[in-house]
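# sequence below, structure please.
(2 chains)
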Amino acid sequence: MRLVNQPIQLIKLNGFPFRFYFRRPYYIKYILDHWRESGQWWLEEPELHVYEVSTNRCWCELHYLPAQEHWILYRLAD
Amino acid sequence: MFVHLHVHSPYSFLDGASPPESYLQEAARFEMPALALTDHGNVSAAVDFQKKALALGIKPIQGAEITTEDGTHLTLLAENQKGYSNLCRLLTAGYRLGPGRSCAVSWEALGNNAHNLIALSGCRRSGISRAILNRDYKRAEREALRLVDIFGKEQVYLEMINSFSIFTKRLLTQVFRLHQKLKIPIVATNNVHYLKKGDFPLHDLLVCVRTRTQLTDLHPERPLNGENYFASPQEMKKRFAPFPEAIQNTLEIAKRCTPVLDLEQNLFPRFFPDHEPQKAGQFLAKLTWEGAEKRYASITPALRRRIEHELKIINRLDVADYFLAVWDLVREAQKRKIYYAGRGSAADSVVAYCLEITNVDAFARGLLFERFLSAERAQKPDIDIDFDARRRDQIADYVYNRYGRDYAASVCTFHTYRARSALKDLGGAFGYSPAKLRELTKNITSVPADGIENLLNRLPELKKHPLHQAKFKKLLTYCAAVNGLPRHIGTHLGGLVISGRPLTEVTPLQFGAKGAPIIQFDKNTIEDLGLIKIDVLSLRTLAAVSQAAQKTGPKLQYNQIPLNDGPTFERLKKGETVGVFQLESPAQRHLQTRLQADHFEDIVASIALIRPGPIQGNMVEPFLARRRGREKPTYIHPKLEKILASTYGVVLYQEQVIEIAAEIAGFTPGESDRLRRVMTNFRSQTEMEAIGKEFIAKAEANGVKQKIAETIFSYLAGYAGYGFCQAHAAAFADTAYRTAYLLEHHPAQFYAALLNQQPLGFYPANTLCAQARNRGLTILSPDINHSVPEFEAAGNSIRIGLRQVKGMEDTFLESIQEARLEQPFYSLHDFVRRTAVNKDVVENLILAGAFDRFSLNRRALLWDLPKSYRLKQGSLCLENPTANYSIPDFAPLERWLREYASLGLAAKEHIMEFYRPRLSKQILSSKEVKAQKEGIVRTAGLVIRAQRPPTRSGKTVVFLTLEDEFGLFDVIIFENIYRKFGPLIFNQPLLLIKGEISRKEHRRLTTIKALQIRALA
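Predicted coordinates for the structure are as follows:
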């Protein structure tokens, strides 16, 4: 398991995460789980959407910040 | 379309952040045909929910989320009344079984009470979800089959919640698989805990309060996101796009359910259950006429008509059984010689007087029965009775035993958030320490939780309060948001309901601290359920009266005290009324000196006058001026004279409003009372104008000129919110007068009784002792060989009881009394050796003077105490250690302060006696101030009480009561002075006042108008 925590450009298909690029392209085969976290709202921390996905290369954890419309590759297991 | 079937309101206590009406409004906006309410183990919102839902055209579905005995959750919905009764029985069984005050429903109870209930398998804490999360799919299947076994295949739905929590995908997938395998239908819910997503922080805070965690803590009960809101049908369809059947089934379930509450029934038990209903009315009449023979010298035609009129209304409203039930209670109290006094609007009833429920002769006083009960109003009667506080529970037990524990219970009350509780709870959730919370709540008075900011800006003593800092802004915002939300359920002080059918048909029962059953509905909703309340209240004054009467002996017959005793009225005229029920506040004491009461009616008027309404409504001055003959009462219509003559032309009582409406506008008594209630509770100017038009039109039709009718209506409207029930005032005046009589003629016994019933009344125990000393009585220190647990009067002295000593417990008292029976104590060491009293309490006994008989040097006794304990613990030596008298005793002031700390009062001196020699001669005592006619004075005293009542002008005025060795004196602090010296008033025990003597007309009590205030260092 490797912590990455880097921003990525992600493309959706039919509203679901489909593909992203981090040094090379990753195609998302399955969304294994997906949840939302409100975070430390009392410190104005933004809401976070978490996706555990199985890609063509490995398992990844993606984070989405809806307030900034920003995707992050958080972790992966390669 | 979609229907929410799993919804929590604030009656889930710290787990629901939005009121039911907000959900209903939103459901109406979404055009949802129905809505369910499923609070945790609770249906308290059911009545309001049903009424408001039906008014909006939404079908209310009543349910609850229960916790089973293995800690799992289950959502239950009542299909109909039978289902609802089963739900109530289940919850009751759960409260009986659950640890502490929690609800844990056994599977056996579920099996016995499952009919007409629809079971939704529950949230993440359900048996099925837990099994799935543990990947124990066989177990999940067993849990599902268990539900089917208990409720029946047609009654079970597998609940699916898609609120974007972790592992939701696994849960939804596996529940769907169960549905496919076992053919149990699925249903979608959102486990709603708040209205909008933005309300999540408030809910999160409430959960922290409930779980006693801080925001920075993790806890399994704290959801990670704010998705459990009242989502729209579109949103829910989107979330359940792969499972459209789950959405459709919400409508199927809603179709199956009907509103469950019958809001038209009467559940009060028949007094003669095996006879025709009329028998109760006949028996009531018989008792009433028998009572009338006893109460009245003769039954005149007018009295006969009055009694017949009341009995007719009672029978028409079918409430004879209620009167008989109350009569039965007071008969029991009389049998057991328990002091009681009926109060409130019941004193408007001659029937109640004849039955000895009240002691107010409504006929002689011309009181209007319709203020209490009227055919037009058709509301249930509500009788309040005060009982001796020590024995009130015996009466409550009598009710439970007589009717059965399934048929009688206490009414509940909801403890809701106000300023201090909100700051403490939410501040704790934010992570502030207990010390910080004490600082934040200091001097925050009892205001609503959304009134804190206003208070901080308004009161000068809060100018430097830490809550002004920007970092607490969020805390204050959330305090305002929780204002009025119920925090927990409690027991109403005295309200009991009795039912002819098992209470669990309409309400679950919870169990209070002493195991007494409590229904889940409060006084505002019980009538809708068909229940009537009897208030069995506890009054310490009656306990004091009972004790004083007992100690005084047969020469005092409390119920035969003459109502025209000269010395008693002289006491009232002087305003020396500390200890007198309802007449001891500074405002009352001043009123008495101005009123110069010389008959009972004056006391009745006093009680009605000293309230915020009459003061703000400028009724006090005109009343006093006319009562004292300085002004002549005028009546703009002759019919007003007979109604207002007893109050000198001033509208003082609610009954007078009713009578005026009847006489001037020809309203029936019931219509008049309706007018009175609308005016008292009016919410809109439109409503008031409509009533005004009706009144004026009817008055004109009754021959009254329009202008006069308009003027009369303006008096009524101006007064209406302020009026007091005359019957209630008379009932209170009765007790007030009798306690004044006791104070005048049996001061030692009465002061001792008052001291035994503390906390009671307006003043602390120390002031009662000071008053007793000023009456020439001696207060004796506690004595280890002579004191009993309670204060005891003997001749002209009062001995302080041992129970008054700080830390004293019943076990210690028993040990002392037992040892004393063998032989009196002869030394401190002997006491330590022969009793089980702990060292801290013995120290307090020494400081209180209980061992003064062995040595007046209390410091020396303290010094030797550890030696006595060492000897007790280890040594066989019988040596009796003697006090080390070479140690000097405490200095007088220190000795006094330590005595005060150990007793909460001082036996012999007032603290001002220690300061007096050090004060300049210019600083006058209260005695010297009273001798001054006018001018500027300087004085000093101990702060007893500071009050900040509402005023006519809206400006702040503080009424400060101070005390010195000669008695009480009062200081008025107007706004400009208050702004300068406010913090001192509320933070310093001893004050130095420079002020101007204020004397109005014949005022015998001096008031000082403050000009400058300092702490007396």
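# flag every residue of chain A that's near chain B.
A:31-38, A:40-42, A:47, A:49-50 (CB under 8 Å from any CB of the partner chain). C-betas here are computed from N, CA, C, even on glycine.
# from residue B:956, how far off is residue B:695?
Using CB to CB, to the nearest Å, we find residue B:695 at a distance of 37 Å from residue B:956.
# still on that earlier bit, between the residues of chain A next to chain B, which is closest to residue B:724?
When the residues of chain A next to chain B are compared for distance to residue B:724 (CB to CB), residue A:42 wins out at 47.7 Å.
# where does that closest one fall, phi/psi-wise?
Main-chain dihedrals, residue A:42, degrees, to the nearest 10: phi -70, psi -10.
# my guess is it contacts residue B:471. True?
No - using CB atoms under 8 Å, residue A:42 makes no contact with residue B:471, being 11.5 Å away.
# kindly report the residues of chain B close to chain A.
When proximity is defined by CB under 8 Å from any CB, chain B lies next to chain A at B:164-170, B:200-201, B:204, B:215-216, B:224-227, B:430, B:474.
# residue A:42 and residue B:471: which has the busier surroundings?
residue A:42 (17 against 9; other CB atoms under 10 Å in any protein chain shown).
# how close does the more buried one get to residue B:215?
5 Å.
# how about residue B:77, secondary structure?
Three-state call for residue B:77 (DSSP: H, G, I helix; E, B strand; the rest coil): strand.
# repeat for residue B:537
Applying three-state DSSP: residue B:537 is strand.
# and the pLDDT at it?
Listed pLDDT for residue B:537 reads 94.
# does the closest residue to it other than its chain neighbours belong to a helix, a strand or coil?
Leaving out its chain neighbours, the residue that sits closest to residue B:537 by CB to CB, 6 or more residues apart in numbering or on different chains is residue B:494, at 3.7 Å. Three-state assignment for residue B:494 (three-state DSSP): strand.
# how many residues are close by residue B:550?
Quick note: residue B:550 (other CB under 10 Å) scores 12 neighbours.
# surely residue B:551 touches residue B:794?
No - the criterion here is CB under 8 Å, and residue B:551 misses it with residue B:794 at 9.5 Å.
# wait, a helix at residue A:7?
No - the assignment for residue A:7 (three-state DSSP) gives strand, which keeps it out of a helix.
# in the sheet, who's paired with it?
Per DSSP bridges, the residues bridged to residue A:7 are residue A:72.
# contact partners for residue A:71?
Neighbouring residues of residue A:71 by CB atoms under 8 Å, 6 or more residues apart in numbering or on different chains: A:7-10, A:20, A:62-64.
# between the two ends of stretch B:581-600, what distance do you get?
Start and end residues of stretch B:581-600 are separated by 14 Å (CA to CA, to the nearest Å).
# for the spatially most central residue of chain A, which non-adjacent residue is closest in space?
The structure's chain A has its C-alpha centroid closest to residue A:62; by CA atoms, centre = their mean the separation is 1.6 Å. Spatial nearest neighbour of residue A:62, excluding adjacent residues (CB to CB, 6+ apart): residue A:51 at 4.4 Å.
# repeat that for residue B:927.
Spatially, and ignoring its direct neighbours in sequence, residue B:927 is nearest to residue B:966 (4.2 Å; CB to CB, 6+ apart).
# returning to what we had before: what subset of the residues of chain B next to chain A is buried?
Using 16 or more other CB atoms under 10 Å in any protein chain shown as the burial test, the residues of chain B next to chain A include B:164-166, B:168-169, B:200-201, B:204, B:215, B:224-227, B:430 as buried.
# let's see which of those end up in strands.
Per DSSP state E, strands hold no members of these.
# which of the residues you listed sit farthest apart?
Put simply, by CB to CB the two of those set farthest apart are B:169 and B:430, 33.9 Å from each other.
# rewinding a little: now, the most widely separated pair of the contacts of residue A:71?
A:9 and A:63 (14.0 Å).
# what about the two, which has more around it?
Neighbour count, other CB under 10 Å: between residue A:9 and residue A:63, residue A:63 has more, with 18 against 9.
# for chain A, give me its nearest residue in the stretch 201-350 of chain B.
Taking CB to the nearest CB, chain A has its nearest neighbour within the stretch 201-350 of chain B at residue B:225, 4.2 Å off.
# and the gap between that residue and residue A:61?
According to CB to CB, residue B:225 stands 17 Å off from residue A:61.
# do residue B:713 as well
Shown here: residue B:713 relative to residue A:61, a distance of 74 Å by CB to CB.
# who's more crowded, these two?
More neighbours surround residue B:713 than the other of residue B:713 and residue A:61, with 23 against 20 (other CB under 10 Å).
# got any ranges where the chain has weak pLDDT?
In the absence of a named chain, this looks at chain A. Residues of chain A meeting the criterion pLDDT under 70: none.
# wrong one, chain B
Chain B contains residues with pLDDT under 70 at B:616-617, B:679-687, B:719-722, B:874-885, B:950-954, B:999-1005, B:1017.
# and residue B:909, what does it touch?
Residue B:909 makes contacts with B:896, B:965, as judged by CB under 8 Å, 6+ apart.
# dihedrals phi and psi, it?
Note on residue B:909: backbone dihedrals following degrees, to the nearest 10 are phi -120, psi 160.
# counting contacts, what elements does the helix or strand where residue B:491 lies pack onto?
Assigned by DSSP states H and E, residue B:491 belongs to strand B:486-498. The contact analysis (3 or more CB pairs under 8 Å, 6 or more residues apart in numbering or on different chains; DSSP states H and E) places strand B:486-498 against helix B:392-403, strand B:408-416, strand B:517-519, strand B:533-539.
# quick one: contacts of the shortest one?
The set of residues external to strand B:517-519 that reach it, using CB under 8 Å, 6+ apart, is B:400, B:405, B:408-412, B:489, B:491, B:497, B:503, B:507-512, B:526, B:531.
# buried ones among these?
Among those, those scoring as buried are B:400, B:408-412, B:489, B:491, B:497, B:503, B:507-511, B:526, B:531 (criterion: 16+ other CB under 10 Å).
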